[in-house]
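*Asks:* Prediction below, plus the sequence it came from.
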Amino acid sequence: SPTQTVQTKSIVLRNTGKETAKNVELVFNWKPLCINVWPSRHYTEHNEPDRRCTLIFDSLAPNEVLGCELLTINENLPDLITARSEQCVAQTIEMYPQPIMKNWQKQGSIFLGLTGLALAVYLGILLLQFLVLRTPLGY
């Protein structure tokens with residue numbers, strides 16, 4: 001077709017425990033067009049009769065990070081149904097990219113936010129003073 005739609009998804013799997021996770025499984029609704037595992041390592045892929053795709057890694061050491069990139073063209077991406085090992089079931093944490101700001105921009109936005117907060121508190125006190133004492137400036 002003259003236009004193509006490419007969809008990508010990144011899944012990061014990290015063992016935050018103190019023991020090695022054995023037989024780590026990632027189960028997807030179906031097999032995507034392309035799967036890239038980083039760092040490159042051996043895994044076993046099983047396709048179930050109901051089209052579910054399971055990636056099985058032998059082990060994941062403590063604090064080891066494994067990235068799985070999915071890519072499809074003109075199709076939807078499969079959802080990750082579950083990630084588990086012999087020891088536990090993984091916890092899903094949604095993450096979104098965030099632009100990197102320069103330090104002066106962060107400090108400037110913090111300064112402006114605090115200045116606005118101080119102004120709001122001051123105006124609130126001034127309004128309260130006006131309502132209680134019934135004078136324009138409280139004299």
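*Replies:* Right, received. Where do you want to start?
*Asks:* Now Thr72: closest residue in space, sequence neighbours ignored.
*Replies:* Leaving aside its sequence neighbours, Thr72 sits nearest to Leu33 (Cβ to Cβ, 6 or more residues apart in numbering; 4.7 Å). (C-beta placed from N, C-alpha, C; glycine too.)
*Asks:* The one you found contacts Glu75, correct?
*Replies:* Yes. Leu33 is within contact range of Glu75, at 7.0 Å (criterion: Cβ atoms under 8 Å).
*Asks:* Pass me the low-pLDDT residue ranges in this structure, would you?
*Replies:* Along the chain, segments meeting pLDDT under 70 span 136-139.
*Asks:* let's see it at 80
*Replies:* 1, 134-139 (pLDDT under 80).
*Asks:* For it, just list every one of the helices.
*Replies:* 103-133 (DSSP state H).
*Asks:* list the contacts for the spatially most central residue of it?
*Replies:* For the chain, the residue nearest the mean C-alpha position is Met95 (1.1 Å; Cα atoms, centre = their mean). Contact analysis of Met95 by Cβ atoms under 8 Å, 6 or more residues apart in numbering lists Val12.
*Asks:* Got phi/psi on it?
*Replies:* Torsion angles at Met95 (phi, psi; degrees, to the nearest 10) stand at phi -130, psi 150.
*Asks:* How much space separates it from Leu114?
*Replies:* 28 Å (Cβ to Cβ, to the nearest Å).
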